[in-house]
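Colleague: compute the structure for the input listed below.
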Amino acid sequence: MNRKTQVHIEEFRAGFGAVFDARSPVEFERGHIPGTVNFPLFTDEERAEVGICYKEKGRDAAVEMGFDLVGPRLGEMVRTALTLAPEKTVRIYCARGGMRSRNVAWLLETSGFEVSVLEGGYKSYRRWVRDVVSRTRSINILGGLTGTGKTRVLKALQQQGEQVLDLEGLANHRGSSFGGLGMPDQPTTQHYENLIADRLDRHDAERQVWIESESGRVGRCWVPEELFAQMKIAPVVEIVRSLEERLDILTEMYGETGIEELVAATMRIEKNLGGERTKAAIDLIRGRNLHEASRIILDYYDRSYSGHLKRRPVSPRVLDITGLSDHEAATLLKKRAPSLLPSLSSRIIA
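Modeller: As a prediction, the model looks like this:
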């Protein structure tokens with residue numbers, strides 16, 4: 001393969017054409033460049049076989065085994081590539097930019113494709129991710145009690161042109177015992193970091209970014225430590241709504257969720273909610289009175305959130321959005337933000 005097809009990460013990301021990940025499916029599932037198509041040279045089992053052969057018999061024997069395994073399906077791989085990239089321009093990476101990506105590139109170049117290979121492979125991409133999430137940013141935190149509609153207000157802010165990082169949306173989780181109900185499967189923490197870096201890199205570094213107040217973990221996904229360290233010291237606007245509005249929002253959010261799923265989620269917080277309250281909430285859920293069940297459950301979450309606020313080094317500024325739609329709340333937040341938050345030029349992030 002011609003050396004000119006080896007490109008650095010920034011050129012690779014800015015390039016044209018489909019992106020193929022030549023690693024095995026299990027490696028791809030663990031984490032990959034967002035938007036990538038898995039185009040494995042080996043299956044998971046084949047990769048394991050070749051690895052054992054390499055350890056026991058050396059590189060040459062492993063290469064020979066690899067050709068034996070892949071040879072019969074080379075034509076199928078080319079046909080698949082044509083379906084995925086009819087314009088015949090592709091970008092390819094493997095674990096370290098080694099034999100797998102080079103061999104797939106050779107096959108496709110021989111078939112008339114224009115190919116570029118990521119120098120250093122996925123490992124170099126992960127170094128780029130660490131760099132992106134470590135960069136100093138002007139962060140505003142949007143806080144508020146459970147049910148105030150923080151995520152909905154964030155989406156409205158984004159529709160109005162603000163930069164937003166939706167940590168819960170990327171994690172497919174709302175960040176509580178009930179947070180995974182009705183949501184797709186969560187990504188691995190590694191892929192979660194990839195998704196976050198991809199979003200952050202699209203932002204203008206000179207502008208502020210709004211992020212919902214979170215703990216260091218969203219479901220099973222951990223927020224990158226480098227980013228979370230900045231979030232912990234960022235200024236906070238706490239939005240507030242009436243209790244009845246919050247109950248209405250929660251009822252709407254979880255109204256279509258299965259009864260047994262709601263019961264199981266409630267049982268997971270029994271230790272903190274208390275036995276009697278847990279039983280009362282479950283009875284209401286089984287009676288399909290989610291509105292009043294939420295009233296009981298909110299007692300625990302309100303106490304938990306209050307404790308979270310007390311641990312922050314900076315007291316939040318409060319904005320009452322009672323009675324406002326999501327769009328109206330976002331408009332008010334944008335209008336009041338200059339007086340509620342320190343100016344961008346005055347911020348110093350340690």
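Colleague: domains for the protein, by residue range?
Modeller: For the chain, whose domains are defined here by automatic domain parsing, the residue ranges read 3-129, 135-346.
Colleague: redo those domains as CSV? Include mean neighbour count.
Modeller: Placement of C-beta: from N, CA and C, glycine included. Putting the domains of the chain into CSV (neighbours: other Cβ atoms under 10 Å) gives the following:
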stretch, mean neighbour count
domain 3-129, 17
domain 135-346, 17
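Colleague: least confident of those domains, on average?
Modeller: Per-stretch averages of pLDDT across those put domain 3-129 at the bottom, with a mean of 88.
Colleague: check the offset of it from the chain's centre.
Modeller: Here domain 3-129 is found 24 Å from its chain centre; the criterion is Cα atoms, centre = their mean, to the nearest Å.
Colleague: strands along this protein, start to end?
Modeller: Counting by DSSP state E, the chain has these strands, from start to end: 6-7, 18-21, 37-38, 89-93, 114-118, 139-143, 163-165, 209-212, 217-218, 221-222, 236-240, 317-320.
Colleague: and the fourth one, which strands flank it?
Modeller: Take DSSP bridges as the rule and strand 89-93 pairs in its sheet with strand 18-21 (parallel), strand 114-118 (parallel).
Colleague: TSV for these, including distance to residue 244?
Modeller: Formatted as TSV, these follow (distance: least, Cβ to Cβ, whole Å):
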stretch	distance to residue 244
strand 18-21	49
strand 114-118	53
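Colleague: residue 168: which of those is closest?
Modeller: Put simply, out of these the one that sits nearest residue 168 is strand 18-21, at 26.2 Å, with distance taken as Cβ to Cβ.
Colleague: what sits up against the closest one?
Modeller: Applying Cβ atoms under 8 Å, 6 or more residues apart in numbering, the set of residues contacting strand 18-21 from outside is 27-28, 32-33, 35-40, 81, 84-85, 89-94, 104, 122.
Colleague: what's the closest of the strands paired with strand 89-93 to residue 166?
Modeller: If you check each of the strands paired with strand 89-93 against residue 166 by Cβ to Cβ, strand 18-21 wins as the nearest, at 23.1 Å.
Colleague: apart from its chain neighbours, what residue comes closest to residue 330?
Modeller: residue 156 (3.6 Å; Cβ to Cβ, 6 or more residues apart in numbering).
Colleague: ah, wrong one, I meant residue 141
Modeller: Nearest residue to residue 141, sequence neighbours excluded (Cβ to Cβ, 6+ apart): residue 236, at 4.3 Å.
Colleague: contacts only, for the one you found.
Modeller: 140, 141, 142, 143, 213, 309, 312, 314, 315, 316, 317.
Colleague: hmm, residue 240 and the last one touching each other?
Modeller: No: between residue 317 and residue 240 no contact is recorded; they are 11.2 Å apart, counting by Cβ atoms under 8 Å.
Colleague: and residue 16, its phi and psi?
Modeller: Here the main-chain torsion angles of residue 16 (degrees, to the nearest 10) amount to phi -110, psi 150.
Colleague: and the closest residue in space to it that isn't next to it in sequence, what are its bridge partners?
Modeller: Of all residues beyond its chain neighbours, the one nearest residue 16 is residue 89 (5.7 Å), with distances taken as Cβ to Cβ, 6+ apart. The bridge-partner assignment for residue 89, based on DSSP bridges, gives residue 114.
Colleague: could I get the contacting residues of residue 89?
Modeller: The neighbourhood of residue 89, defined by Cβ under 8 Å, 6+ apart, consists of 16, 17, 18, 113, 114, 115.
Colleague: what sits against the fifth one?
Modeller: This points to residue 114. 17, 88, 89, 90.
Colleague: can I get those in CSV with distance to residue 261?
Modeller: Converted to CSV, the contacts of residue 114 look like this (distance: Cβ to Cβ, whole Å):
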residue, distance to residue 261
17, 42
88, 47
89, 45
90, 42
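Colleague: of those, closest to residue 329?
Modeller: Distance to residue 329 across these (Cβ to Cβ) is lowest for residue 17, with 41.6 Å.
Colleague: can you give me the helices for the stretch 251-350 of the chain?
Modeller: For the stretch 251-350 of the chain, the helices defined by DSSP state H, counting those that start in this stretch cover 259-267, 270-273, 275-286, 290-310, 326-340.
Colleague: and the ones you listed: which comes nearest residue 217?
Modeller: helix 290-310 (12.9 Å).
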